[in-house]
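J.: one predicted model, sequence on top.
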Amino acid sequence: SYPIQDIRRLAAAVGRSQAARLMFTAQPVDAQNALAIGLVDLVCDDVEASGAEMARAIARNDPVSLAVLKDSLANIMAGDDSAFDAQFD
């Protein structure tokens, strides 16, 4: 049995039907399939270089804007639209 929080997270990431397929079949998922169904956001050959480039791109942005965006995403995921609206007001 899978923890309910993990099932919710999986269904939110890939949708109910893909989550069911993954759990019911227990078949391995290759990188391209994981990308196609939304299980991963990025497939790359050099994880270290790609991660470093992403970190540099994030670091070039304004820290206050990043903090607001991070909070906004957390509030959206929690279903709290009022907090999201307040961030931009």
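T.: All right, it came through fine.

J.: what is the end-to-end distance of stretch 40-48?
T.: End-to-end distance of stretch 40-48 (Cα to Cα, to the nearest Å): 16 Å.

J.: list of residues touching that stretch?
T.: Contact with stretch 40-48 is made by 31-32, 34-35, 50, as judged by Cβ atoms under 8 Å, 6 or more residues apart in numbering. From N, CA and C alone the C-beta is placed, and that goes for glycine too.

J.: which helix or strand in this structure has the lowest average pLDDT?
T.: helix 81-88 (a mean of 60; mean pLDDT, DSSP states H and E).

J.: give the rounded mean pLDDT of the helix or strand containing residue 48.
T.: Assigned by DSSP states H and E, residue 48 belongs to helix 47-59. Averaged across helix 47-59, the pLDDT comes to 96.

J.: by contact count, what packs against the helix or strand following that helix?
T.: Using DSSP H and E, the helix or strand that follows helix 47-59 towards the C-terminus is helix 63-77. Contacts defined by 3 or more Cβ pairs under 8 Å, 6 or more residues apart in numbering; DSSP states H and E place helix 63-77 against helix 81-88.

J.: hmm, which of the contacts of stretch 40-48 are the buried ones?
T.: Neighbour-count burial (16 or more other Cβ atoms under 10 Å) applied to the contacts of stretch 40-48 gives residue 34.

J.: and residue 72, how far from residue 9?
T.: 19 Å (Cβ to Cβ, to the nearest Å).

J.: neighbour-wise, which of those two wins?
T.: Using other Cβ atoms under 10 Å, the more surrounded residue of residue 72 and residue 9 is residue 72, with 17 against 12.

J.: name the residues of the host helix or strand of residue 20 that come out as buried.
T.: Using DSSP H and E, residue 20 sits within helix 16-25. Judged by neighbour count (16+ other Cβ under 10 Å), helix 16-25 contains these buried residues: 18-19, 22.

J.: and for stretch 27-43?
T.: 29, 34, 37, 39.

J.: which residues are in contact with the first one?
T.: Taking Cβ under 8 Å, 6+ apart as the definition of contact, the neighbours of residue 29 are 22, 37, 39.
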